[in-house]
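Trainee: Generate a structure from the sequence data that follows.
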Amino acid sequence: MKFDIKRLTPDLSDDYFDFFDQRAFTDNSPMQPCYCCYFNQTKAEEKSEVFDKADQYGGGGAGLKFALRAHAEHLISANIIQGYLAYADGLVVGWCNTNRKDHYRRMLDPVILEQSSPNTKSVVCFEIAPSYRHKGIASLLLARVVADAKKEGFAAVEGYAYLRERPETFDFSGPLRLYEKAGFSEIGRKNDLIIMQKKL
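Mentor: Residues are numbered from 1 along each chain as shown. Presented below is the predicted three-dimensional model:
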């Protein structure tokens, strides 16, 4: 099966939301509802733009989802959420959230942002539709991130993996073996969080 990788742009936002609404969580993942906003917003923004506005959308779980979706629409239109979409037969089946490291508002652990890494591209999240997992889509997305980062003059690409005995739902940042296969090397760790980097 052939997969096409496209950079997310505001004109592809309908495809983005169709993926998260229709295919990303068909396994009833506890991650839903999610539109990959976490790293692109501060805690204060999350409170004011999502939690405080949920009642305007009817309250409860549905209200929270609609508030989160509206906030994601704003973040995409403002080019704050950046990344790549993986397509199969015209439908999005995978996503990778990546941006300049210093453009993220928060990380999995503050230690990641504290480390000095000038001109670095970070990869913070992968989401692959359940029926398309284990087909190499995450590797294709990561390869595209690395290739474009090199063309754009970045010094390195970073990813963040957890040491796990077995895969878990919340391993959205990508497993260690994904980065190792792509030529990344460990540059630091805090407890079970490993910072992986590939110099360009």
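Trainee: Flag the helix or strand of this protein with the lowest per-element mean pLDDT.
Mentor: helix 110-114 (a mean of 71; mean pLDDT, DSSP states H and E).
Trainee: Following the chain onward from the helix or strand hosting R177, which element is next?
Mentor: Assigned by DSSP states H and E, R177 belongs to helix 176-181. Going down the chain from helix 176-181, the next helix or strand is strand 185-190, by DSSP H and E.
Trainee: tell me which strands and helices that next one is in contact with?
Mentor: Strand 185-190 makes packing contacts with strand 193-199 when contacts are defined by 3 or more C-beta pairs under 8 Å, 6 or more residues apart in numbering; DSSP states H and E. (Glycine included, C-beta is placed from N, CA and C.)
Trainee: now the strand it packs on, how far from the chain's geometric center?
Mentor: A distance of 16 Å separates the centroid of the chain from that of strand 193-199, by C-alpha atoms, centre = their mean, to the nearest Å.
Trainee: One more: stretch 39-52?
Mentor: Distance of stretch 39-52 from the chain centroid (C-alpha atoms, centre = their mean) equals 17 Å.
Trainee: Give the pairing partners of whichever strand or helix holds F126; include direction for each.
Mentor: In the assignment (DSSP H and E), F126 maps to strand 120-128. Sheet pairing here is set by DSSP bridges, and for strand 120-128 it gives strand 91-100 (antiparallel), strand 156-162 (parallel).
Trainee: Contacts for the last one next, please.
Mentor: Read that as strand 156-162. Strand 156-162 has contacts (C-beta atoms under 8 Å, 6 or more residues apart in numbering) with 101, 107-108, 112, 117, 119-124, 142, 145-146, 149, 171, 173-176, 178-179, 184, 187, 192-200.
Trainee: try 6 Å this time
Mentor: Identification of contacts with strand 156-162 by C-beta atoms under 6 Å, 6 or more residues apart in numbering yields 108, 120-123, 146, 149, 173-176, 179, 192-194, 196-200.
Trainee: Local confidence estimate at the closest residue in space to K43 that isn't next to it in sequence?
Mentor: Closest residue to K43 apart from its sequence neighbours, by C-beta to C-beta, 6 or more residues apart in numbering: R106 at 7.2 Å. You'll see R106 listed with a pLDDT of 87.
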